[in-house]
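A.B. asks: take a look and give me a structure for this.
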Amino acid sequence: MECRDKSASPGPSSGASRSRPKTSKPKRSATANNNLTLAEVLDRFADGPTDGVFTDGSSVPNPGPGGWGSVYVSKGEIVDQAFGHHEEETTNNRMELTAIIEGIKLVPAGEAAVVYTDSNLAARTINEWAEGWARNSWRRKNNAPVANLDLVQELYDLTKARPEITIRWIRAHSGSRWNEYADALSTAWQRDTL
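C.D. replies: This is a model prediction of the structure:
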């Protein structure tokens, strides 16, 4: 299942406000343990970058069912968002890679953007290793196969076709508003309220 929402609203039943969140907010994320709704994230968090695409993936348990979420933000306002649920057994890494792929697709062609991922593995895969694997017929240095090759190849091709896109790692569950929001999108399949 995949959902795209250009309305930039956390949902009609959420009662979310566009006003600045309260100043007393936790330093550590509650999303990792409490599965916050989008409205709760917007209410609790205000720190972090205000421009870019923020992505996250989840699998509970890992491996198990999972989801992914991406939100494109400009000047602190949501431009677009997408999220999905993978019903069959998947892994956190597959959902992280899927979130980045779908996040890039939110950005109009030719428009520069930073895509943030809290998966250091996914960021390093594309920024450091994929080019070498591609030159080596998609094999690692020790001739071992590349994990999640279908998604790695798709993301590699997408980043080569979109040189105006930069993929950057951001610390997970550190209170960065839009990273927390992407986390909430990636776990939305576990809640009744978006």
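
A.B. asks: switch to C-alpha atoms for all contacts and neighbour counts from now on
C.D. replies: Noted.

A.B. asks: list the neighbouring strands of the longest strand along the chain plus their orientation.
C.D. replies: Longest strand of the chain, by residue count under DSSP state E: strand 77-90. Take DSSP bridges as the rule and strand 77-90 pairs in its sheet with strand 2-5 (antiparallel), strand 64-74 (antiparallel).

A.B. asks: lowest average pLDDT across these?
C.D. replies: Mean pLDDT is lowest for strand 2-5 out of those, coming in at a mean of 56.

A.B. asks: can you give me the helices for the chain?
C.D. replies: Taking DSSP state H as the criterion, the chain carries its helices at 31-34, 38-44, 92-105, 120-124, 130-135, 149-161, 177-186.

A.B. asks: re earlier: do you know which of the strands paired with strand 77-90 lies nearest Leu42?
C.D. replies: strand 64-74 (12.8 Å; C-alpha to C-alpha).

A.B. asks: can you give me the buried ones in the closest one?
C.D. replies: Residues Pro65, Gly66, Gly67, Trp68, Gly69, Ser70, Val71, Tyr72, Val73 are the ones in strand 64-74 that count as buried (16 or more other C-alpha atoms under 10 Å).

A.B. asks: try stretch 106-119
C.D. replies: Buried residues in stretch 106-119, counted by 16+ other C-alpha under 10 Å: Leu106, Val107, Ala113, Val114, Val115, Tyr116, Thr117, Asp118, Ser119.
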